[in-house]
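S.K.: Quick check, what structure comes out for this input:
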Amino acid sequence: MDLSWVIAGTIVQSLLAYVVFFMVAVGFSAIGTSHRPTPSDYTVLNSAIYVLPACCAMSAILGLVFYHFGAGKMAYLWYVMPLVFTAAYLGYIRFFIEKKAQ
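M.R.: Model prediction:
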């Protein structure tokens, strides 16, 4: 792993945490006013506001730890983890909106 890519990945993950937090907060308020979420939907939406930014922070920390221990290039895949969780969240939101539209 190269130090410059690790620093860049850590900065991007830090910024992504803020973006994801605001995306979840705004999306949750929009869904709450336009649809009628069930208690289980509220649980998913409430936990996403904490889990997605925490996932970004954990990814940045793991990138630094793996760099410190001399990991190979496959350790860069940890930077993709928040994107997978964000895509899953957006998929859930899309499924929720389509389910309520029927």
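
S.K.: helix or strand right after the longest helix seen in the chain?
M.R.: Ordering each helix of the chain by length in residues (DSSP state H) puts helix 3-34 first. Following helix 3-34 in sequence order, the next helix or strand is helix 39-68 (DSSP states H and E).

S.K.: Give me the helices and strands touching that next one, please.
M.R.: Secondary-structure packing of helix 39-68 (3 or more Cβ pairs under 8 Å, 6 or more residues apart in numbering; DSSP states H and E): helix 3-34, helix 81-101. In short, each C-beta sits where N, CA and C put it, glycine included.

S.K.: Dump the ones you listed to a markdown table, plus distance to Ser47.
M.R.: Putting the helices and strands packed on helix 39-68 into a markdown table (distance: least, Cβ to Cβ, whole Å) gives the following:
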| stretch | distance to Ser47 |
| --- | --- |
| helix 3-34 | 10 |
| helix 81-101 | 10 |
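
S.K.: out of the ones you listed, which comes closest to Cys55?
M.R.: Nearest to Cys55, of all these, is helix 81-101, at 4.7 Å by Cβ to Cβ.

S.K.: I'd like the average pLDDT over the closest one.
M.R.: Averaging pLDDT along helix 81-101 yields 85.

S.K.: circling back: output the contacting helices and strands for the longest helix of the chain.
M.R.: Using 3+ Cβ pairs under 8 Å, 6+ apart: helix 3-34 touches helix 39-68, helix 81-101.

S.K.: For it, list every residue counted as buried.
M.R.: Neighbour counts over helix 3-34 (16 or more other Cβ atoms under 10 Å) mark 6, 9-10, 13, 16-17, 20-21, 23-24, 27-28, 31 as buried.
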